[in-house]
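Colleague: Provided below for reference: sequence and predicted model.
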Amino acid sequence: MAVKAKKMTRAKKAKNVKKPAAKATARKAKTRKNPASKKTAKKTAKKTAKKTAKKTAKKTMAKKSRAAKTIKQHKQQETKPAKRSVKKAANKPVTKRPSVKTTWKISPEISQSVLTIDTWKKDDLKIEFLKVYRSGWIVVNQLPDLSAYNPDKGINIFEELEFDEHQLYDGSQETSIFPNELPAEERGRLLGLSEEELADEGWGLESVTLFKGPLVVEEV
């Protein structure tokens, strides 16, 4: 009986020994599965690290780009070229405003005080043709000295004055003066000739235009 008891105790011990082995096997199986989960964890960790690194890099780049923009803006403000309008205004030469020219209008005060005298001369002979105008005027840039003006004698505007414009109105009275030695027939013939025909016969012309009587000088 004692021997059987010993055998039984050994068998129990064997059973007891085998059970931990099974547990160990199960643990090993579990530990074999764990490496895969570790790999997955590593991958997840790597991805998270990459994402974090990318976000950090983006933030850093954004900060750098903002800083670079700020520096550029400061530089542009410091060395910003002038606008075209400002350049044109600066380069445009300063022009003086032209001074307004003063002109004067001179005309006879009394009507029919403007006359033209055409004098034809040949040897000792002289023929005068007088034409009287109702009025007339001239415009001068410089006011002439009229202190020595003689109203009875008048002034020859084409020889004694410098002017830009002139106008004579309404020629009316015409008078011709011949020398006494010319007969009436010759006078009539000469009156019928044109200026070219008189010049062809050797007559020379001298012409004057006179303002006579008091003069009116007004600024225009």
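Modeller: Yep, that arrived.

Colleague: domain parsing for this protein?
Modeller: Taking automatic domain parsing as the reference, the chain has its domains at 1-91, 104-219.

Colleague: mean pLDDT for the ones you listed: which is lowest?
Modeller: Lowest mean pLDDT of those: domain 1-91, a mean of 53.

Colleague: so what does the lengthiest strand in the chain touch, helix or strand wise?
Modeller: Taking DSSP state E as the criterion, the chain has its longest strand at strand 125-140. Here strand 125-140 touches strand 104-108, strand 114-122, strand 165-177, going by 3 or more C-beta pairs under 8 Å, 6 or more residues apart in numbering; DSSP states H and E. Glycine gets a C-beta too; all of them are placed from N, C-alpha and C.

Colleague: Dump those to CSV, plus mean neighbour count and distance to W137.
Modeller: Converted to CSV, the helices and strands packed on strand 125-140 look like this (neighbours: other C-beta atoms under 10 Å; distance: least, C-beta to C-beta, whole Å):
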stretch, mean neighbour count, distance to W137
strand 104-108, 19, 4
strand 114-122, 18, 9
strand 165-177, 12, 6
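
Colleague: V139: which of these is closest?
Modeller: Among the helices and strands packed on strand 125-140, the nearest to V139 by C-beta to C-beta is strand 165-177 (4.4 Å).

Colleague: what is the orientation angle of the closest one with strand 114-122?
Modeller: 50 degrees (axes from the mean of the first three to the mean of the last three C-alpha atoms, to 10 degrees).

Colleague: can you list contacts of strand 165-177?
Modeller: 112, 114, 116, 127-139, 157, 191, 209 (C-beta atoms under 8 Å, 6 or more residues apart in numbering).

Colleague: Write a PyMOL command that selects only the buried members of the residues you listed.
Modeller: Buried subset of the contacts of strand 165-177, written as a PyMOL selection, criterion 16 or more other C-beta atoms under 10 Å:
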select buried, resi 114+116+127+129+131+132+133+135+136+137+138+157+209
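
Colleague: what's the closest residue to P179 other than its chain neighbours in contact with, if anything?
Modeller: Leaving out its chain neighbours, the residue that sits closest to P179 by C-beta to C-beta, 6 or more residues apart in numbering is L125, at 5.4 Å. By C-beta under 8 Å, 6+ apart, the residues touching L125 are 179, 181-182.

Colleague: ok, E201 touching L193?
Modeller: Yes: counting by C-beta atoms under 8 Å, E201 touches L193, with 7.4 Å between them.

Colleague: Looking only at neighbour counts, state which of those two leads.
Modeller: L193 (14 against 10; other C-beta atoms under 10 Å).

Colleague: Are we agreed that that one is in a helix?
Modeller: No: under the criterion used here (DSSP: H, G, I helix; E, B strand; the rest coil), L193 is coil, not part of a helix.

Colleague: Would you quantify the distance from it to R187?
Modeller: Distance, L193 to R187, using C-beta to C-beta, to the nearest Å: 11 Å.

Colleague: returning to what we had before: so which of the helices and strands packed on strand 125-140 is nearest L205?
Modeller: strand 114-122 (5.7 Å).

Colleague: list the helices and strands that closest one packs on?
Modeller: Using 3+ C-beta pairs under 8 Å, 6+ apart, strand 114-122 is in contact with strand 125-140, strand 165-177, strand 204-211.
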